[in-house]
Each structure stands twice: as structure tokens, then as C-alpha cells.
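Q: The sequence and its predicted three-dimensional model are supplied below.
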Amino acid sequence: MFQGVGSDMLTLAASQPELPGIDDFMPPEILFQGTPFAMNRIILVRFIAMVVILLVLGITAARAKLIPSRWQGAIEWLLDFVRDSVVYEVMGELRGRQYVPMVTTVFLTVMVFNLCGIVPGLNIAATATITMPLVFALWTLFQYLITGIREQGLWKYLKQELFPAGVPWPLYIILTPIQLLELLIIKPASLTIRLFANMIAGHLLVAICLAFTQFYIIEASNHFLAIAGIGWFGLGFALTAFEMFVAALQAYIFAVLTTVYINQSYPEED
Amino acid sequence: MDIITLAEVTGSISILGYGLAALGPALGLGIVVGKTVESMARQPEIANKLQTAMFIGLALIEVLGLLGFVAIFIA
């Protein structure tokens, strides 16, 4: 790949930068090896993130005052954002009130877990393996199934989902299996894949930029290459900022889609 | 007759597949975002609602591109 730059110019200490790969997401187990509770780095990151969320929200809630301090104002702004611009915007206040706790939990947890990817020392998003997004997606799946059955009864719900009204009946032969697949598999699977693939892609992008920075500035013996290293560092810095944006955006999208899916379980009023 | 190898590709070809998989979603995202901006310019007062709708559409399209990305690791 880099032979084109003129390989005689590159008299390098190490001939290749240490590029990150898929192994980053399967780190060795560090605690409780061999038991079902075996922990690796990513699970440890999850626990740290969980403790941070609980402490920050718990302490803020315990010290809440009528006239909010600046920090309390920021937290309240975040909670208001989820309630007003995610849940009430999609569902309306009357219907949405009971889902505010769930969507807030999903939003805050996913956002903090995503942000772990750019915290120095943690350096990997806690949602970057398939398990964590899958847990949230299954929660969403069960929530919208339960909501549909509770609001409409099993048969009416299945009829609305599998046999949408206003379609000529021969089309049901094609449509019904697709609808069933979408209801049970595609919705949760797309939630899962979107989140963890985004996090993997973001981690790889940032890590590749920083690996090239390290390679060109420190390991390459030709010091003119440090200029390229500075370029890579700038790109890595910009991508880190972009990852911050993506972390919040993905949390927002996850929360909005959860709300939309639950809202679809209600009877269509017409 | 022996099969003569004229050209050889080494490494993972799925990366090329990812490039192809990104094409369709790229067009879709362009249309979605462009139309939303157009509508927001026409009716700025419902910009928030349009934005929510845009993000939902965005997310549904985005997953198509990401499927191609995941396929790199599966293959």
C-alpha cells in the first residue's frame, strides 16, 4: 500500500505500523477465567461506565435543589431533551408518559457507553461488541410486543402487523412472511447492527489514524516523515471529535427508534 | 487446457464489496438529507418535526451500509 511513496526513501525501524484489527474487540479474559462470569477488558469498561452513570445521576439527584446549580441544569436539560424531543415528539404526552423512564435509561446508557470509546485509558466503546446492543434491542423487542398485546390483544395486534389493511388479499402471500420477519428479527437486528457496527467502525478509524501517527513520528527513522505524522494526528483528532458526535447521535437514534417501534404497536387510529 | 492466471487479487475482496454496499445508501442519504433541508427552507416552523423524521429515515438507510461493513468481518 505504501510502496508507492518510494520505498527506498523509507528506511524504517519497523517496516509496518501496528494497525488495529478485529482482535481489539476480543481481548483476553482478565478476571474469573473459565467461569461463565469471565470478564475481559470491554466488560470491565461496561462496569466502570455503569458505576459512573449511577454515581453521577445519584449524587445529582440527592443534591437536587429548587434553584438548580449549573451542573444540575445540564443534567435536567439532558433529561428534558429525552422526554420532550424524543418521547413526547413521537408519541404525544398522554401515551408517552409511561415510556419516559425506559427511553431515558436506554438513551443515557447507550450514550455513556458509546463515549467510553474516546475516553483515554478506556479507549473502547462499551457497545462495540454485539452483546450490549443486543440486550437493548431485545428489551425494545419485548417492550413493543408486550405493548401491542396489552393495548390490542394478541389477535388484533397480529392482524394489524401481519395483515395490513387496504392490501388486495393475494399480496398477503408475499407480505405476511416479510412482515413477520420484520416484526421479530429485522427490527431488533437492525438496532443491534447499527449501534455496534458504528462503534467498531469509529474505533478502527481513530485507532488507524493514531497508529500511523505513532509510526511516522516515533518509529520511522526518516524524520521528514514526521510531517505526515502530524497530518495523521490532525485527522485522528478530528475523527475523535466526530466520534463524540456519533456517540450522541447513535444514542439519539436508538432512543427515537425504540419510541417509534413502541408507538407502532398502538392501534392505528383512523 | 490449464487455467492461466492472468490477474490475482490478494487480501479480502469483501472490502470491495463494502465499497459497493456503500453506494446505494450514499445516494439514499443524499436524497433524504437534501429533501429535508429543502423542506426546512420552505417551512422553517416545522424544522424540528422534519429533523426527527429525517433521523428515523437516516437510521433505516444507514443500516444497509453497515451491513456491508459487518460482512467484511464475517467473510
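A: Looks like it came in fine.

Q: Ramachandran angles for residue A:29?
A: Backbone torsions of residue A:29, given as degrees, to the nearest 10, read phi -70, psi 140.

Q: got the contact list for the residue in chain B positioned nearest to chain A?
A: In chain B, the residue that lies nearest chain A is residue B:66 (4.0 Å; Cβ to the nearest Cβ). For the C-beta atoms, the positions are set from N, CA and C on the backbone; glycine is no exception. Residue B:66 makes contact with A:193-194, A:197-198, A:201, according to Cβ atoms under 8 Å, 6 or more residues apart in numbering or on different chains.

Q: what about the chain, any weak spots by pLDDT?
A: As the question left the chain open, I've gone with chain A. A:1-15, A:269-270 (pLDDT under 70).

Q: wait, I meant chain B there
A: B:1, B:75.

Q: so who does the spatially most central residue of it touch?
A: The structure's chain B has its C-alpha centroid closest to residue B:25; by Cα atoms, centre = their mean the separation is 2.6 Å. Counting by Cβ under 8 Å, 6+ apart, residue B:25 touches B:61-62, B:64-65.

Q: a markdown table for those residues, including neighbour count, distance to residue A:170 and secondary structure?
A: Putting these into a markdown table (neighbours: other Cβ atoms under 10 Å in any protein chain shown; distance: Cβ to Cβ, whole Å; DSSP: H, G, I helix; E, B strand; the rest coil) gives the following:
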| residue | neighbour count | distance to residue A:170 | secondary structure |
| --- | --- | --- | --- |
| B:61 | 18 | 30 | helix |
| B:62 | 21 | 34 | helix |
| B:64 | 16 | 29 | helix |
| B:65 | 20 | 34 | helix |
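
Q: Which of the helices or strands spans the single nearest residue of the stretch 51-200 of chain A relative to chain B?
A: Of all residues in the stretch 51-200 of chain A, residue A:197 sits closest to chain B, at 4.0 Å by Cβ to the nearest Cβ. When elements are assigned from DSSP states H and E, residue A:197 belongs to helix A:187-214.

Q: same check, this time on residue A:30
A: For residue A:30, the host element (DSSP H and E) is strand A:29-31.

Q: in its sheet, what does that strand sit against?
A: Strand A:29-31 has its sheet partners listed here by DSSP bridges as strand A:39-40 (antiparallel).

Q: other SSEs contacting the helix holding residue A:197?
A: On a contact count with 3 or more Cβ pairs under 8 Å, 6 or more residues apart in numbering or on different chains; DSSP states H and E, helix A:187-214 meets helix A:131-152, helix A:226-264, helix B:47-74.

Q: is the second one up against chain B anywhere?
A: So the one you mean is helix A:226-264. Yes. Taking Cβ under 8 Å from any Cβ of the partner chain as the criterion, helix A:226-264 and chain B are in contact, through A:249, A:252-253, A:256-257, A:260.

Q: near chain A, which residues of chain B?
A: Near chain A, when you scan chain B using Cβ under 8 Å from any Cβ, you find B:48-49, B:52, B:55-56, B:58-60, B:62-63, B:66-67, B:69-70, B:73.

Q: Buried ones among the residues you listed?
A: Neighbour-count burial (16 or more other Cβ atoms under 10 Å in any protein chain shown) applied to those gives B:52, B:55-56, B:58-60, B:62-63, B:66-67, B:69-70.

Q: Same list, the residues you listed, but as CSV with distance to residue A:234 please.
A: Converted to CSV, those look like this (distance: Cβ to Cβ, whole Å):
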residue, distance to residue A:234
B:52, 34
B:55, 29
B:56, 34
B:58, 28
B:59, 30
B:60, 33
B:62, 26
B:63, 31
B:66, 27
B:67, 31
B:69, 25
B:70, 29
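
Q: Now flag whichever of the residues you listed is closest to residue A:73.
A: Minimum distance to residue A:73 across these is 24.1 Å, recorded for residue B:52 (Cβ to Cβ).

Q: wait, what's in contact with the closest one?
A: A:85, A:89-90, A:256.

Q: Now, those that are in helices?
A: Judged by DSSP state H, those include A:89-90, A:256 as members of helices.

Q: Alright, that wraps it up for me.
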